[in-house]
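Engineer: next input, structure requested:
(2 chains)
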There are 2 protein chains.
Amino acid sequence: MTSVPAPPYDGRHLIADLDGCGAALDDLALVEAARRAGVDAAGASLLKITLHHFGPGMGVTGVAILAESHISVHSWPEHQYAAIDIFLCGARHDLDAALGAIAAILRPQNIRQLTHRRGFGVGCP
Amino acid sequence: MTSVPAPPYDGRHLIADLDGCGAALDDLALVEAARRAGVDAAGASLLKITLHHFGPGMGVTGVAILAESHISVHSWPEHQYAAIDIFLCGARHDLDAALGAIAAILRPQNIRQLTHRRGFGVGCP
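Structural biologist: Numbering: from 1, shown residues only, chains lettered A, B, ... in the order given. You can find the predicted model right below:
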């Protein structure tokens, strides 16, 4: 492959692993509330949501498709663990606020996180 | 917050930025085909898909909810750029094959990628 210049970075992708969650991670409504709180706190524009419940006592997946990319929550109640992705284009959105809002509902004892800059020159719609 | 031990790592999250894509990134069917090829190449189990087209000549978002987490494709045709996420639990799935299958359809000139290990002790369903 030939090398092409990377466009300016204005996308950010926050990956967070939440351990020791005190909330009931098999509760579809609660996981959905966390996802929704994250979208609202980020100031993002929700287009579509997809939810899947693996069954009673099992995990939940929720993905919000946004005008600015996506926010996802996957939960493993048997491990009190949730995996969060907050991927937003544009500089005006608050990823940390989104994670804070999600964590306030899922109540982890520990959060491991990184923020990865992703390259493109596009603003949000 | 108190520190709790991280559970064993068996999740992997491949983030890839595809620049200089030769394919028509405003083509819903093509982006969906790329997403589907990625799921198949990974050997993952598809549960639900969500697609959104921002309009003629504009980008497409496709997210596959998997038994093993998710694969997402966001495209910006005006920048010939696509953002790929391949997040899979369990050791038996092939993230590189998934990215290769997606790239074979989107035809980027350059790929920037990283693979992030995410911590939990759960296997796939």
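Engineer: in chain A, what residue spans correspond to helices?
Structural biologist: Taking DSSP state H as the criterion, chain A carries its helices at A:28-42, A:95-106.
Engineer: distance to chain B, mean pLDDT and mean neighbour count added to the ones you listed, as CSV?
Structural biologist: Where C-beta positions appear, they are placed from N, C-alpha and C, glycine not excepted. Listed next are the helices of chain A as CSV, based on distance: least, Cβ to the nearest Cβ, whole Å; pLDDT from 0 to 100; neighbours: other Cβ atoms under 10 Å in any protein chain shown:
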stretch, distance to chain B, mean pLDDT, mean neighbour count
helix A:28-42, 13, 95, 20
helix A:95-106, 9, 97, 20
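Engineer: in a markdown table, list these along with distance to residue A:114.
Structural biologist: Below are these laid out as a markdown table (distance: least, Cβ to Cβ, whole Å):
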| stretch | distance to residue A:114 |
| --- | --- |
| helix A:28-42 | 17 |
| helix A:95-106 | 11 |
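Engineer: quick one: which of those is nearest residue B:20?
Structural biologist: Among those, the nearest to residue B:20 by Cβ to Cβ is helix A:95-106 (27.2 Å).
Engineer: which strands or helices does the closest one pack on?
Structural biologist: Here helix A:95-106 touches strand A:9-19, helix A:28-42, strand A:69-76, strand A:81-89, strand A:110-119, going by 3 or more Cβ pairs under 8 Å, 6 or more residues apart in numbering or on different chains; DSSP states H and E.
Engineer: other residues contacting the second one?
Structural biologist: With Cβ atoms under 8 Å, 6 or more residues apart in numbering or on different chains as the test, helix A:28-42 has contacts from A:23-25, A:46, A:49, A:51, A:53, A:60, A:62-64, A:66, A:68, A:71-73, A:75, A:82, A:84, A:86, A:88, A:93-95, A:97-102, A:104-106.
Engineer: contacting residues for the residue nearest to residue A:85 when sequence neighbours are not counted?
Structural biologist: Among residues not flanking residue A:85 along the chain, residue A:72 sits closest, at 4.5 Å (Cβ to Cβ, 6 or more residues apart in numbering or on different chains). Contact analysis of residue A:72 by Cβ under 8 Å, 6+ apart lists A:35, A:61-64, A:83-85, B:63, B:70.
Engineer: same thing but 7 Å
Structural biologist: A:62-63, A:85, B:70 (Cβ atoms under 7 Å, 6 or more residues apart in numbering or on different chains).
Engineer: low-confidence ranges in chain A?
Structural biologist: Chain A contains residues with pLDDT under 70 at A:1-9, A:119-125.
Engineer: just to check, residue A:17 is in contact with residue A:112?
Structural biologist: Yes - at 4.5 Å, residue A:17 counts as touching residue A:112 under the criterion of Cβ atoms under 7 Å.
Engineer: which of these two has more neighbours?
Structural biologist: residue A:17 (24 against 13; other Cβ atoms under 10 Å in any protein chain shown).
Engineer: please name the bridge partners of the more buried one.
Structural biologist: Here residue A:17 sits in beta bridges with residue A:83, residue A:112, going by DSSP bridges.
Engineer: now residue A:114: closest residue in space that isn't a chain neighbour?
Structural biologist: Residue A:114's closest residue in space is residue A:15 (Cβ to Cβ, 6+ apart), at 5.5 Å.
Engineer: give me the neighbour count for the one you found.
Structural biologist: 21.
Engineer: can you name the residues that contact it?
Structural biologist: Residues in contact with residue A:15 (Cβ under 7 Å, 6+ apart) are A:85, A:113-114, A:116, B:13, B:116.
Engineer: drop anything exposed from those residues.
Structural biologist: Buried subset of the contacts of residue A:15 (neighbour count, 16 or more other Cβ atoms under 10 Å in any protein chain shown): A:85, B:13.
Engineer: mind picking the two most distant members of the contacts of residue A:15?
Structural biologist: Farthest-apart pair in the contacts of residue A:15 is A:113 and B:13; separation 12.6 Å (Cβ to Cβ).
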